[in-house]
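Visitor: need a structure here:
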Amino acid sequence: MIENLKQKFRKFMTGRYGVDELSKFFMVILLILIVLSIFIRNPGLDSLILGLLIISYFRMFSKNVTKRYQENQRYLNIKNKFLGKIRKEKYIMNQRKEYHIYTCPNCKQKIRIPKGKGKLNITCPKCHTEFIKNTGRKKKEEESAK
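Guide: I've put the predicted structure just below:
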């Protein structure tokens, strides 16, 4: 009986798009909205949930695979840009633990200099402008101060 239902479902889904990353995203949003609708009684929210549910099932059962694939690729591009910005900010925050990040006064190039090197004459690798910055106390100065 169960095998018969599985076969019928497989036959039904043949040639249809199915579930992709965008569909999964819609389902997560739907789950969040459904939980939210338990606490907030709003007909607009219920309409939004119904609309997203219809769109999700329409995408999953669609036979226009090319169009659904293109939609998913646009979503993945947006998602990757967003996640790339988050990764970049996380990387910069980790770099700030060991390095000072200075900006060249001429070309605005960011330059990474290790902390604790004292006063340094920094040369921009891009435009070769020289400027002086203090990166904190030198290690020997710290030891002699103790």
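
Visitor: would Phe131 count as being in a helix?
Guide: No: with DSSP: H, G, I helix; E, B strand; the rest coil as the criterion, Phe131 is located in strand rather than a helix.

Visitor: Pretty sure it sits against Pro105.
Guide: Yes: using Cβ atoms under 8 Å, Phe131 makes contact with Pro105 at a distance of 5.9 Å. The C-beta positions use only the backbone N, C-alpha and C, and glycine is treated the same way.

Visitor: Of these two, which one has the most company?
Guide: Legend: neighbour count by other Cβ atoms under 10 Å for Phe131 and Pro105, higher for Phe131 (15 against 10).

Visitor: How about the contacts made by the more buried one?
Guide: The contact partners of Phe131, by Cβ atoms under 8 Å, 6 or more residues apart in numbering, come to 102, 104-105, 121-122, 124.

Visitor: hmm, try it at 7 Å
Guide: 105, 122 (Cβ atoms under 7 Å, 6 or more residues apart in numbering).

Visitor: and what of Tyr102?
Guide: If a contact means Cβ under 7 Å, 6+ apart, then Tyr102 has 111, 113, 122, 133 as its contacts.

Visitor: Name whatever forms a beta bridge with it.
Guide: Beta-bridge pairing for Tyr102 (DSSP bridges): Ile111.

Visitor: From the chain's centre, how far out is stretch 14-22? Work that out for me.
Guide: 23 Å (Cα atoms, centre = their mean, to the nearest Å).

Visitor: Please identify the buried residues of the single longest helix found in the chain?
Guide: Of all the segments of type helix in the chain, defined by DSSP state H, the longest one is helix 65-95. Buried residues in helix 65-95, counting neighbours by 16 or more other Cβ atoms under 10 Å, are found at 68, 71-72, 75.

Visitor: Right, I'll leave it there.
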